[in-house]
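Peer 1: how does the following fold in three dimensions:
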Amino acid sequence: MSRTQPALAPPASTTLPAAAAVHRLTYLSPLGEIRIEGTDEAVSSILFADTAMPEGWPESNPFVHASLQGAQHDAEDAGIPAALRQCRLQLDEYFRGERKTFDFPYVFAGTTFQRAVWAELAAVPYATSRSYKDLAIAVGSERAVRAVGSANGRNKLTIVLPCHRIIGSGGKLTGYAGGLWRKEWLLRHEARYAD
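Peer 2: Down below sits the predicted model:
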C-alpha cells in the first residue's frame, strides 16, 4: 500500500502558544531512538537522541520497534495528543516504505530565512536530492550556501522536513545532525521504495 500525499504545506503557525503544555514521546526507529515533542495541537520537534552508530550496526540492529511488526500502541497512548500519535504512525509507515510525505500538524519557529529554507526542504520530493547551492538559489540567496547548511542543522523536524536529501554540490554526503550514517541509510531506504 503506497501512501503519497501532497508535500507538507507551511504550518498555520510558526510558534507554540506560550502556555501550551509540551508532551514527549520516544519512538524507537530502525535508526535508533527518536524523541518527538509537541502540544495538544501540533508536533514541534522530531530529533534523534544521539548521533553515534550502534556497535555492529546494521548487522545486529538493536532497534526494532514493535509497531514495525504490527503491534498496537494502545497501552502507550494514555495522555498522548493526537498529533504525536499521528506522527508516530506516519513514521512507522515511512520506515515500512508505505509513506512518502507527512501530513500531521506541526509547527516550527526560526528566523525568516530559516523558515524559507525549511519550506523549500518540504518541497524536495521523496527519493531525490538537491545540493545546498540548489536550496540557496531556491530561497533567493545563491551565495548563502553556508547559511542554508546552518538552517538545515537547526531543523527540528528530522525526516519530515527532509534535510537528509540535501547533499554537497559534488554529490558528497555532508552535514547531517543525526549522523552521516543515518543520512546514507535514509537515502538508500527511499531509493528502495521509490515508485
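Peer 1: for the helix or strand where Arg146 lies, C-alpha coordinates in PDB please.
Peer 2: Following DSSP states H and E, one finds Arg146 within helix 145-153. This file holds the C-alpha atoms of helix 145-153, laid out as PDB (Å, rounded to 0.1, in the frame of the first residue of the first chain):
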ATOM      1  CA  VAL A 145      25.200  28.100   0.900                       C
ATOM      2  CA  ARG A 146      26.700  28.000   4.500                       C
ATOM      3  CA  ALA A 147      23.600  29.800   5.900                       C
ATOM      4  CA  VAL A 148      21.400  27.100   4.200                       C
ATOM      5  CA  GLY A 149      23.600  24.400   5.800                       C
ATOM      6  CA  SER A 150      23.200  26.100   9.200                       C
ATOM      7  CA  ALA A 151      19.400  26.300   8.800                       C
ATOM      8  CA  ASN A 152      19.400  22.600   7.900                       C
ATOM      9  CA  GLY A 153      21.300  21.900  11.100                       C
END
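Peer 1: which other residues reach that helix?
Peer 2: 110, 113-114, 117-118, 121, 132-133, 135-136, 139, 141, 163, 166, 174-175, 177 (C-beta atoms under 8 Å, 6 or more residues apart in numbering). All C-beta atoms are positioned from the backbone trio N, CA, C, and that covers glycine.
Peer 1: so what's the nearest residue to Ala116 once chain neighbours are set aside up against?
Peer 2: Of all residues not flanking Ala116 in the chain, Val139 sits nearest, at 4.5 Å (C-beta to C-beta, 6 or more residues apart in numbering). Residues near Val139 by C-beta under 8 Å, 6+ apart: 113, 116-117, 120, 148.
Peer 1: rewinding a little: buried only: go through the contacts of helix 145-153 for me.
Peer 2: Buried members of those, scored by 16 or more other C-beta atoms under 10 Å, are 110, 113-114, 117-118, 121, 132-133, 135-136, 139, 163, 166, 175, 177.
Peer 1: by contact count, what packs against the helix or strand just after the helix holding Arg146?
Peer 2: Using DSSP H and E, the helix or strand that follows helix 145-153 in sequence is strand 166-167. Strand 166-167 sits against strand 130-131, helix 132-138, with contacts defined as 3 or more C-beta pairs under 8 Å, 6 or more residues apart in numbering; DSSP states H and E.
Peer 1: apply 10 Å and report the result again.
Peer 2: helix 112-122, strand 130-131, helix 132-138, helix 145-153, helix 180-193 (3 or more C-beta pairs under 10 Å, 6 or more residues apart in numbering; DSSP states H and E).
Peer 1: then the longest one to CSV, C-alphas only?
Peer 2: To tie it back to what came earlier, the one meant is helix 180-193. Output of helix 180-193 as CSV, limited to C-alpha atoms (Å, rounded to 0.1, in the frame of the first residue of the first chain):
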residue,chain,number,x,y,z
LEU,A,180,26.1,10.8,8.2
TRP,A,181,25.4,7.1,8.6
ARG,A,182,21.7,7.9,9.1
LYS,A,183,21.7,10.2,6.1
GLU,A,184,23.1,7.5,3.9
TRP,A,185,20.6,4.9,5.3
LEU,A,186,17.6,7.3,4.7
LEU,A,187,18.6,8.0,1.1
ARG,A,188,19.1,4.3,0.4
HIS,A,189,15.8,3.5,2.2
GLU,A,190,13.9,6.0,0.0
ALA,A,191,15.6,4.8,-3.2
ARG,A,192,14.5,1.2,-2.4
TYR,A,193,10.8,2.3,-2.1
